[in-house]
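Peer 1: got a predicted structure plus its sequence, pasted below:
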Amino acid sequence: MSALDLYGLERSVYTRIARLALEEKGVPYVLHDVEIFGPSGVPPEHLARHPFGRIPALAHDGFVLYETGAITRYVDEAFAGPPLQPHEPARRARMNQLIGVFDAYGYRPMVWGVYVERVGQPQRGRTPDEAVIAAALRDAQRCLEAVLALRSSTPWLLGSEPTLADLHAYPMLRVLSLAPEGAALLQRHPSLQRWLELMQQRPSVQRTRSSREPAAS
């Protein structure tokens, strides 16, 4: 099997989602760092891969693909290995619904509103905006409540094995947990806290840990 090329950043939530899918399927890949947040903006060569200048993008035997959801589904369907999508239409629809909830209602408040504001801003010598954090925590709480209403009672979000929904959710919830308020919010939902700890035991999660992320306790 030829190595697949993934263009993104190790610290990126969405790059990690794609990497988790590749790791779970056992697909060899090479991660190419593409700094899209630098002073020069998005590198021109990356705009040829992704016209909107976001990450990640994938290249496999001349086939170029962007959008994380498309990438993870392609990886699951194009390669051998444990299936990451339920076969039953209803469970697959629930998986897609959970992914959609995290994309539409979880990513922005959890990552940018809580983590970046509380952790990232001080690292840059800036003062966090407490109003932004408070509003983001309310939105994150609403998202977690929706996820809890949709998930099954099994250890994983939708059954006895992880699916793309688990891989999509983990990087966002892990980042949320790195801010004190985010950790406290997750502790109010014991089943999600147990799920997070279960995910942290997976080799795919350990192999994709960013150098900026502390080791899970």
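Peer 2: It's in.
Peer 1: and the strands in this structure?
Peer 2: For the chain, the strands defined by DSSP state E cover 4-8, 29-33, 57-60, 63-66.
Peer 1: so what are the domain limits for the chain?
Peer 2: 4-78, 89-207 (automatic domain parsing).
Peer 1: what's the burial count for the nearest residue to residue 112 once chain neighbours are set aside?
Peer 2: Once flanking residues are discounted, residue 112 sits nearest to residue 136: 7.5 Å by C-beta to C-beta, 6 or more residues apart in numbering. No exception for glycine: its C-beta is placed from N, CA and C like everyone else's. Counted with other C-beta atoms under 10 Å, residues neighbouring residue 136 total 26.
Peer 1: need the contact list for residue 136.
Peer 2: Counting by C-beta atoms under 8 Å, 6 or more residues apart in numbering, residue 136 touches 108, 109, 110, 112, 113, 114, 117.
Peer 1: any low-confidence regions in this protein?
Peer 2: Along the chain, the parts satisfying pLDDT under 70 run over 1-2, 216-217.
Peer 1: kindly recompute the last result at 50.
Peer 2: Filtered on pLDDT under 50, the chain yields no residues whatsoever.
Peer 1: what's the longest helix in it?
Peer 2: Assignment by DSSP state H gives helix 130-150 as the longest helix of the chain.
Peer 1: which parts of that one are buried?
Peer 2: 132, 133, 136, 137, 139, 140, 143, 144, 146, 147 (16 or more other C-beta atoms under 10 Å).
Peer 1: and stretch 11-22, by the same measure?
Peer 2: 12, 13, 14, 15, 16, 17, 18, 19, 20, 21, 22.
Peer 1: contacting residues for the closest residue to the second one other than its chain neighbours?
Peer 2: Counting by C-beta to C-beta, 6+ apart, the nearest residue to residue 13 once its immediate chain neighbours are dropped is residue 171, at 4.3 Å. For residue 171, the contact set (C-beta under 8 Å, 6+ apart) comprises 13, 14, 16, 17, 20.
Peer 1: let's go with 7 Å and repeat that
Peer 2: Under the criterion of C-beta atoms under 7 Å, 6 or more residues apart in numbering, the neighbours of residue 171 are 13, 16, 17.
Peer 1: next one: residue 66 from residue 157, what distance?
Peer 2: Between residue 66 and residue 157 the computed distance is 25 Å (C-beta to C-beta, to the nearest Å).
Peer 1: residue 125 too?
Peer 2: 38 Å.
Peer 1: okay, the two: which has more neighbours?
Peer 2: residue 157 (24 against 6).
Peer 1: can you pull up the most central residue in this structure?
Peer 2: By C-alpha atoms, centre = their mean, the mean C-alpha position of the chain lies nearest to residue 171, the distance being 3.7 Å.
Peer 1: that one and residue 64: what is the separation?
Peer 2: Separation of residue 171 from residue 64 (C-beta to C-beta): 23 Å.
Peer 1: residue 215 too?
Peer 2: 34 Å.
Peer 1: for those two, indicate the residue with more neighbours.
Peer 2: residue 64 (13 against 7).
Peer 1: for that one, which non-adjacent residue is spatially closest?
Peer 2: Per C-beta to C-beta, 6+ apart, closest to residue 64 is residue 49, 5.7 Å.
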